[in-house]
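Trainee: Generate a structure from the sequence data that follows.
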Amino acid sequence: MKRLLFFIVLVLNLTSCGIRKSIKHIPDVKQYSLEVPKVNKINDSTFSFKQNYLSKNKQQLWELYIKGNPLQLGYNNGALTQNLMQKQEEIFFSKVEGLVPSKFKQNLLRGFLKWYNRKMYLNVREDYQAELYGLAQYSSDKYDFIAPKYLRSLYLHGAHDIGHAMQDLMMVGCTSLAVWNENTEDGDLLIGRNFDFYVGDDFAKNKLIEFVEPEDGIPYLSVSWPGMIGVVSGMNKEGLTVTINAGKSKIPLTAKTPISLVTREILQYAKNIDEAIAIAKKRKVFVSESILVGSANDKNAMIIEVSPDNFGVYKVENTSRIFCTNHFQSDAYKDDKRNQKHILESHSEYRYEKLQELLQENKKLNPEKMASILRDQSGLKGEKIGFGNEKAINQLLAHHAVIFSPQKKLVWVSSNPYQMGEFVCYDLNEIFSDKRLKSGQFAKSDLNIAKDPFVDSQDFKNYGQYKILSSQIEDSVNDRTKIFSEDFINYYHSLNPDFWLVYYQTGKYYFNRREYYKAKTEFEKALTKEITTVSDKKNIEKYLKKTLKKI
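Mentor: Below you'll find the model as predicted:
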């Protein structure tokens, strides 16, 4: 940590001029006409400005429809979602404060990120900068000490990238798949994805489904959160889809194009796979990412694999299905040592094998069967691996799940909790037409997919309680004054008995209280479970070794 802080301070001293220049940057928006929105509040969950709307459906998903030139899109978005966007910003920065409680380290981090992001604007399209500028006018004043509103909004679009570039946090352990021909009920292309980007349960509460009709390009749907113009999951009116899965990254020296803005460009301007590849090739990214692209016009899907210094395309032959977890599969990365190590040591390959297993069990997929795959919590061969294990397809932390039927232009979006609430169906043919304007409806509710029965189970209630107690146990590791009874520990075990982390945490609790025999039992029990990564297993073994020396 000391070395890292020294490095940050040194870099800041050496590059203060570059930081000052980036902080003063404001995009040129004079070329765009603008009407500052006057929002009409219809009720507490419905707002409008001309043909732009924000409403909340009965599944508690926010639906936003905006149209116009880039600057107008930003203003319309910001004016309608202002309260939601400011709430989202507060949740995000509160999470950062929780991870970095020291004010001194917060200041260092803030300075480092200003330096790290100093050249980001040079790698972002001018029309997207104009849109972000309009959106940022409705940001909170509360966080102006971090960066000016426009630059803060730009930086937040790199949060996904920076998170796993800086620490390989893998807050993003996403799973996606595409099937077609003999693998679907009707032969059409069908795509499913879990977006496992976790910044806390509060961050995922206000899911936002954006229907965007830009002045230039193709209308599209995107699923994310308030304040986001990039795309992590989406489909355009041509039936082209994009979803992103994080890969193993080295730490680049500077931020470039956020991956969500690359996929936004693909969605807005590509009608087929070849056009998607051409767009991705033009952009310089600063993390490793897999982009699963599905295309109604090609009736096919493939994966674009990008990183700061490499580019690959993975296409399947002699089969009509493709899987994507968190490792690369194209020839461009076959000799990449970082990728090879990630396959061996992470949970990515395990989930990939689980997808293969589930496809053997589920023939001729339809949207309902796809939803059941995305909600699956079991390990290989149906093994119980504990609720919340990242080796499962459903890790009980997804921000959202989406199912695409590109040829029919249908999209299903999950509602809370995670991907287990009702999947709400949207028909892009209707939404981007006069028919929607006349009906005033977004969802095609007769095609919705029912919620997972697990939501109403005792196991799900237990999982919620487990998360609360797990946080208490984790806090006790650094605070010996916190003492738990045997009954408390046993109850904690009973809430999630198949999960290795339960026993690892209680082992650390006993170890720090110098109750080494009890710690030994817990660590040994943890090692009998399906442990998420090689690194996790090594940590348990190190603790056990230290424990045995104490006995």
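Trainee: Need the pLDDT of the most centrally placed residue in the chain.
Mentor: For the chain, F197 is the residue whose C-alpha lies nearest the centre (CA atoms, centre = their mean; 3.1 Å). At F197, the pLDDT value in this model is 83.
Trainee: Look up phi and psi at the residue nearest to T243 when sequence neighbours are not counted.
Mentor: Excluding the flanking residues, the one nearest T243 by CB to CB, 6 or more residues apart in numbering is R193, at 4.3 Å. Bear in mind the C-beta positions are built from the backbone N, C-alpha and C, glycine included. Backbone dihedrals for R193, given as degrees, to the nearest 10, come out at phi -150, psi 140.
Trainee: going forward, begin numbering at 14 instead of 1
Mentor: Okay, using 14 as the starting number, the last item reads as R206.
Trainee: just to revisit the earlier point, would you agree the residue nearest to the centre of the chain is in contact with S246?
Mentor: No. Using CB atoms under 8 Å, F210 is not in contact with S246, being 10.2 Å away.
Trainee: Buried residues of stretch 290-302, list them for me.
Mentor: 290, 292-293, 296, 298-302 (16 or more other CB atoms under 10 Å).
Trainee: so of those residues, which ones are in strands?
Mentor: Assigned to strands by DSSP state E, the following of the buried residues of stretch 290-302 qualify: E302.
Trainee: Pull the most distant pair out of the buried residues of stretch 290-302.
Mentor: Using CB to CB, the pair of these lying farthest apart is I290 and F299, separated by 19.6 Å.
Trainee: who's in contact with N352?
Mentor: By CB atoms under 8 Å, 6 or more residues apart in numbering, the contact list for N352 reads 260-261, 340-341, 346.
Trainee: now, which of the residues you listed sits nearest Q518?
Mentor: Proximity of these to Q518 (CB to CB) peaks at K261, which lies at 26.3 Å.
Trainee: Just confirm the closest one contacts H340, I think it does.
Mentor: Yes. Assessed by CB under 8 Å, K261 is found in contact with H340 at 7.1 Å.
Trainee: Need the overlap of contacts for those two.
Mentor: Taking CB under 8 Å, 6+ apart as the contact rule, K261 and H340 both touch 352, 355, 359.
Trainee: Quick check: the last one touching Y365?
Mentor: Right, the one you point to is S359. No. S359 lies out of contact with Y365 (CB under 8 Å); the separation is 10.6 Å.
Trainee: So which of those two has more stuff around it?
Mentor: Set S359 next to Y365 and count neighbours by other CB atoms under 10 Å: S359 wins out with 23 against 19.
Trainee: Let me see the contact set for that one.
Mentor: Shown in contact with S359 (CB under 8 Å, 6+ apart): 183, 261, 339-340, 546-547.
Trainee: contacting residues around Y141?
Mentor: Y141 neighbours (CB under 8 Å, 6+ apart): 83, 242, 274, 277-278.
Trainee: Turn the residues you listed into TSV, columns for pLDDT and secondary structure.
Mentor: Output for those, formatted as TSV (pLDDT from 0 to 100; DSSP: H, G, I helix; E, B strand; the rest coil):
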residue	pLDDT	secondary structure
P83	98	helix
I242	97	coil
L274	97	helix
R277	98	helix
E278	98	helix
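Trainee: Could I get the residues you listed in CSV, plus columns for neighbour count?
Mentor: As requested, those are exported to CSV (neighbours: other CB atoms under 10 Å):
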residue, neighbour count
P83, 25
I242, 22
L274, 25
R277, 26
E278, 23
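Trainee: now the strands: where do they sit in the stretch 364-513 of the chain?
Mentor: Secondary structure of the stretch 364-513 of the chain (DSSP state E, counting those that start in this stretch): strands at 413-418, 423-427, 436-440.
Trainee: where in the stretch 264-413 of the chain is pLDDT low?
Mentor: Residue ranges of the stretch 264-413 of the chain with pLDDT under 70: 264.
Trainee: just checking, what packs against the strand or helix carrying I279?
Mentor: Under the criterion of DSSP states H and E, I279 resides in helix 272-282. Secondary-structure packing of helix 272-282 (3 or more CB pairs under 8 Å, 6 or more residues apart in numbering; DSSP states H and E): helix 139-149, helix 172-180, strand 233-237, strand 246-249, strand 253-259, helix 286-295, strand 302-308.
Trainee: and after the first one, which helix or strand comes next?
Mentor: In this case it means helix 139-149. Downstream of helix 139-149 (by DSSP H and E), the next one is helix 162-169.
Trainee: Just the buried ones from the contacts of N352?
Mentor: Counted by 16+ other CB under 10 Å, the contacts of N352 give 260-261, 340-341, 346 as buried.
Trainee: Switch the strands of the stretch 364-513 of the chain over to CSV; also include mean neighbour count.
Mentor: Shown next, in CSV, are those (neighbours: other CB under 10 Å):
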stretch, mean neighbour count
strand 413-418, 28
strand 423-427, 25
strand 436-440, 22
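Trainee: So for D57, which of those sits nearest?
Mentor: Proximity to D57 (CB to CB) singles out strand 436-440 among those, at 19.9 Å.
Trainee: Pull the residues that contact that closest one.
Mentor: The contact list for strand 436-440, computed with CB under 8 Å, 6+ apart, reads 70, 72, 74, 222, 234, 380, 384, 414, 416, 421-428, 455-462.
Trainee: again with stretch 277-291
Mentor: Contacts to stretch 277-291, defined as CB under 8 Å, 6+ apart, come from residues 138, 141, 225, 227, 230-231, 233, 235, 242-244, 247-249, 251, 253, 255, 292-293, 296, 304, 306, 308, 310-311, 313, 315, 317, 326.
Trainee: which residues touch the closest residue to E370 other than its chain neighbours?
Mentor: Spatially, and ignoring its direct neighbours in sequence, E370 is nearest to L393 (6.3 Å; CB to CB, 6+ apart). Residues in contact with L393 (CB under 8 Å, 6+ apart) are 363, 366-367, 370.
Trainee: Using ChimeraX, define a selection of the buried residues within the residues you listed.
Mentor: Only the buried entries of the contacts of L393 go into this ChimeraX selection, using 16+ other CB under 10 Å:
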select :363,367,370
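Trainee: Next step: the contacts of L393 restricted to helices.
Mentor: 363, 366-367, 370 (DSSP state H).
Trainee: tell me how far the helix or strand hosting K118 is from the chain's mean position?
Mentor: If you go by DSSP H and E, K118 is part of helix 116-129. Chain-centre distance of helix 116-129: 24 Å, with CA atoms, centre = their mean, to the nearest Å.
Trainee: Output that helix as CSV, nothing but the C-alphas.
Mentor: What follows is helix 116-129, C-alpha atoms only, in CSV (Å, rounded to 0.1, in the frame of the first residue of the first chain):
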residue,chain,number,x,y,z
LYS,A,116,-10.0,11.0,4.1
PHE,A,117,-6.3,11.1,3.3
LYS,A,118,-6.5,8.0,1.0
GLN,A,119,-9.8,9.4,-0.5
ASN,A,120,-7.9,12.6,-1.4
LEU,A,121,-5.1,10.5,-2.9
LEU,A,122,-7.5,8.4,-4.8
ARG,A,123,-9.4,11.4,-6.1
GLY,A,124,-6.2,13.0,-7.3
PHE,A,125,-5.0,9.7,-8.9
LEU,A,126,-8.3,9.3,-10.8
LYS,A,127,-8.1,12.8,-12.1
TRP,A,128,-4.6,12.0,-13.4
TYR,A,129,-5.7,8.6,-14.7
